[in-house]
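Participant: Pasting the sequence and the predicted model now:
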Amino acid sequence: MRLPPLVNPAAELSKDEISRYSRHLLIPEVGLIGQRRLKSSKVLVIGAGGLGSPVLLYLAAAGVGTIGIIDFDVVDESNLQRQIIHGQSDIGRPKSESACDAINELNPYVKVNLHRERLEVVNAHAVISGYDLIVDGTDNFATRYLVNDACVLADKPYVWGSIFRFEGQVSVFWENAPGGKGLNYRDLYPEPPPPEMAPSCAEGGVLGILCASIGAMMATEAIKLITGIGETMLGRLAVYDALEMSYRFIPLHRAPNRTAIDGLIDYQRFCSVNPVSATYADTIPVISARELKAIKENGTDVQLIDVRGIEEWDIVHIEGAKHIPKSRIMSEEVLAAMNKEDFIVLHCKMGMRSRDVLLEMQKQGFTNVKSLDGGILAWIREVDQSLPIY
């Protein structure tokens, strides 16, 4: 959908800026006016991770005048496979500060606002309302719904993207877009998927370079919105498959029976992100890594079952564990062959999948099953630091 320019060309370009952005100025659709719109714009990027990294770099290079970064996390070595705004020397640093340094090195004409905090209900409106455009690079449904609802209430357009393994998606949402054709994220996802159907990149993995492909599309949409050029992704969902090198564009429409967004809610509860402590505390018995270590050392008869995928098992596994992937162990055939009285400890990477399996086993009459609290990562952290972390 073609939209009018989001930002007025208030700022003038200096001689040095004209030289820097000359390749933009030569494009008739952008030109001097478009570049001045970019300089006058204020864009908030939520998350300085896989998607935020290319978005931040390209918006800075393009000459967006003010860029806000909100991220509370620190750089981890596992981030560097895809989060290209950070480097080896940034490990352990706040991502927002690392990203700020990279932007300052790339383009000193860009002003960077740092928000060293988690985006939450209590601060979302105050943070978002200070910008012309929001770019959502978050990786969980609870924050995505929060961003959406806050943008609706603040009347802000935003660019959204998501990635998983080899596939990415991009769209633009703006509830009150000109022409009465506005959409918001709830038109795409009226209800959040069950947590078990929405694994994170930390559990499912992601092709690093996919972040560049999707992030570049998101940055492109941001520039189009600011300058008013081209057809935006408002009303369309782009789906990119890196393995097939294919793009699909799916038209989006307002969800039937949609309700007006009149306030922010408890998004953790809405997405059932943290059901374990609130709902399952009395029904899911867990065992700590240190307790499991003591049991193994004492010679107690215990079956340790690893329910992760084979690709994770091949990376690292606990000595003595038996590998039965979640997809297999949840079947009636496999459960029927197991002794329901045996002492069984289930584990996965972080503890969520093993809890799902445990609940199913309880339904099938297993009475002595526990889940390794924190999964194999807890075992590595607390018991055997010689094993690799992934």
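Facilitator: Perfect, thanks for sending it. Residues are numbered from 1 along each chain as shown.

Participant: can you map out the strands along the stretch 101-250 of the chain?
Facilitator: Taking DSSP state E, counting those that start in this stretch to define them, one finds strands in the stretch 101-250 of the chain at 111-115, 133-136, 158-164, 167-173, 236-241, 246-251.

Participant: Surely residue 188 and residue 172 touch.
Facilitator: No. If you go by CB atoms under 8 Å, residue 188 and residue 172 don't touch, sitting 11.1 Å apart. Any C-beta I mention is one placed from the backbone N, CA and C, and that applies to glycine too.

Participant: before we move on, could you check phi and psi at residue 132?
Facilitator: phi -80, psi -30 (degrees, to the nearest 10).

Participant: burial count for it?
Facilitator: Neighbourhood size, residue 132 [other CB atoms under 10 Å]: 21.

Participant: Give the next helix or strand downstream of the lowest-mean-pLDDT helix or strand in the chain.
Facilitator: Across the helices and strands of the chain, mean pLDDT, DSSP states H and E gives its lowest value to helix 275-279, namely a mean of 44. Sequence-wise, the next helix or strand downstream of helix 275-279 (DSSP states H and E) is strand 286-287.

Participant: roughly how far out does that next one sit from the chain middle?
Facilitator: 28 Å (CA atoms, centre = their mean, to the nearest Å).

Participant: got the contact list for the spatially most central residue of the chain?
Facilitator: The chain has residue 139 as the residue nearest its centroid, 1.1 Å off, counting by CA atoms, centre = their mean. Taking CB atoms under 8 Å, 6 or more residues apart in numbering, we find residue 139 in contact with 47, 49, 50, 162, 200, 201.

Participant: Any idea how many residues pack against residue 161?
Facilitator: Counted with other CB under 10 Å, residue 161 comes out at 27.

Participant: Just the mean pLDDT for the longest helix along the chain, thanks.
Facilitator: When the chain is parsed with DSSP state H, its longest helix is helix 208-227. Helix 208-227 comes out with an average pLDDT of 98.

Participant: between it and strand 236-241, how big is the angle?
Facilitator: 160 degrees (axes from the mean of the first three to the mean of the last three CA atoms, to 10 degrees).

Participant: Look at residue 284 and report its pLDDT.
Facilitator: At residue 284, pLDDT is 86.

Participant: And the strands in the stretch 251-390 of the chain, which stretches?
Facilitator: Under DSSP E, counting those that start in this stretch, the stretch 251-390 of the chain gives strands at 286-287, 303-306, 322-323, 344-347, 369-372.

Participant: Tell me which other helices or strands the longest helix of the chain touches.
Facilitator: For helix 208-227, the packing partners by 3 or more CB pairs under 8 Å, 6 or more residues apart in numbering; DSSP states H and E come out as helix 31-40, helix 52-62, strand 133-136, strand 158-164, strand 167-173, strand 236-241.

Participant: Could you chop the protein up by domain?
Facilitator: 15-273, 277-382 (automatic domain parsing).

Participant: Where among those domains is average confidence lowest?
Facilitator: In terms of mean pLDDT, the lowest-scoring of those is domain 277-382 (a mean of 91).
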